[in-house]
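Q: Next one to model:
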Amino acid sequence: MTHLRTLLAALCLCAVGLLPVPSFAATELVLWHAYRAEEKAALEKVVAEYNKANEGKVKVTTLAVPYDAYADKISATVPRGKGPDLFIFAQDRLGGWIEAGNTVEPIDFFLDDATKKRFIPTTMEAMTYRGTAYGLPLNYKVITLIYNKKLVPTPPKTSGEMVTMAKKLTDAKAGRFGLAYAYNDFYYHAAVMNGFGGGVFDAKNAPTMNSPANVKSVEQVLKWKNKDGILPAEPSSALITSLFNEGKAAMVFSGPWFLGEVAKGVDYGLARLPTLDENKGTPMKPWMTVEGVYVAAPSKNKEAAYDFAKFLTDAGPGKTLALEGRQSPANQAVYQDAKVSADPLLKAMKDQVDVAVPMPNLPEMSMVWTPATSAMNTVFKNTATPKAALDAAQKSVAKDVAGLRKK
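A: Numbers count the residues shown, from 1 in each chain. You can find the predicted model right below:
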């Protein structure tokens, strides 16, 4: 009773102003991201809504980090406890950060089935490394078919239709092509590679650069270039943009980033990449990059950080990120919204992601790019056969991976 009387007396004194009212500081969270323009504005709007709803309890502050320096900044600062509580990044670096240690917090302890089921399954797969979930998927990006409606009234559904259509629209001497895309870039080539059942690692994470399916996929694109003649010889991004804007490229394989470069006078449409007649009608399957929300391992407020990550990846914030930020949320419920489902870009990205493949999030993935790029360049400069070029890539990747695993 004595303690109760003391407490009541203290409360009375607080009430009459003789003692200060105890204050409880809000938990402060810092979120890093690399968004700019409308993406940044949409994220900040959602964060402001969260802060208002949790006033006095939690406050989230955002920091936009320049993209070119972003990955290195995470690697250098987060493990030392000098970074944010949460950060947003694509899954391609995930495995490396996990193996490096003290960077990304596993979230299986927090994650329940209802939250898992919110997301397009493959986006959750991208957040998983060696059977453990390390983040919640926020947005995804994929390449799709972008076409000039004036030249292509109805987009092709099969590779056979695409080639037939593209041949009619190609006049190489006049600099006109039915199809233009960065086919010598391994990222863009992955759609054809995956469509043939290929890939860069097997189920045991061993490199498979020169698998029969991979060789066949490169041979197929070489046929489109040399025999069918529907592709430009030097497919730089600047050339592809220029051709499309000048009405000299009827169809392009690219992602949402390309649309910002399309001239205002060009009436374009989006459609799913064609199926491959050369592989029993299997869809082309582009790589999907998924931006996840990760809790930093050294954060002292992991529970609050996860709560915010869960909020950010919910359907309500997802609609804002989609309609105002022009992003493609991983939350499936977002696409049930009438405005989202009626948006041509968002609808096209969702249609395409249904057949996309998550880009591997293994640390070994960083060792693939240089040998793969070299292989693609030698093939399309006609200085090596697809088999010989991919054999060389396989040898290089296998050597680097073996070196990594000895460390």
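
Q: biggest helix in the chain by residues?
A: With secondary structure taken from DSSP state H, the chain has its longest helix at helix 386-406.

Q: which other helices and strands contact it?
A: Here helix 386-406 is seen to pack against helix 212-222, helix 369-380 when contacts are counted using 3 or more CB pairs under 8 Å, 6 or more residues apart in numbering; DSSP states H and E. For glycine as for every other residue, the C-beta is placed from the backbone atoms N, C-alpha and C.

Q: which one of these lies closest to F89?
A: Proximity to F89 (CB to CB) singles out helix 369-380 among the helices and strands packed on helix 386-406, at 17.3 Å.

Q: Return the angle between stretch directions for that closest one and helix 386-406.
A: Here the directions of helix 369-380 and helix 386-406 differ by 170 degrees (axes from the mean of the first three to the mean of the last three CA atoms, to 10 degrees).

Q: Would you mark the buried spots in helix 369-380?
A: Buried positions in helix 369-380, judged by neighbour count with 16 or more other CB atoms under 10 Å: 371-372, 374-376, 378-380.

Q: now swap in stretch 73-87 and tell me
A: 73-74, 77-79, 83-87.

Q: cool, stretch 259-271 as well?
A: For stretch 259-271, the neighbour count (16+ other CB under 10 Å) marks 262, 268, 270-271 as buried.

Q: can you check stretch 37-57 too?
A: Per 16+ other CB under 10 Å, stretch 37-57 contains these buried residues: 39, 42-43, 46-47, 50-51, 54.

Q: The closest residue to G83 other than its chain neighbours sits in which helix or strand?
A: With sequence-adjacent residues excluded and distances taken as CB to CB, 6 or more residues apart in numbering, G83 is closest to T77, at 4.2 Å. Under the criterion of DSSP states H and E, T77 resides in helix 67-77.

Q: Just after that helix, pick out the following helix or strand.
A: Heading C-terminal from helix 67-77, the first helix or strand you meet, by DSSP H and E, is strand 86-90.

Q: Let me know the angle separating that following strand from helix 67-77.
A: Using the same axes, to 10 degrees: strand 86-90 against helix 67-77 is 130 degrees.

Q: so what does strand 86-90 touch, helix or strand wise?
A: The elements that strand 86-90 packs onto, with contact taken as 3+ CB pairs under 8 Å, 6+ apart, are strand 27-33, helix 67-77, strand 287-295, helix 302-312.
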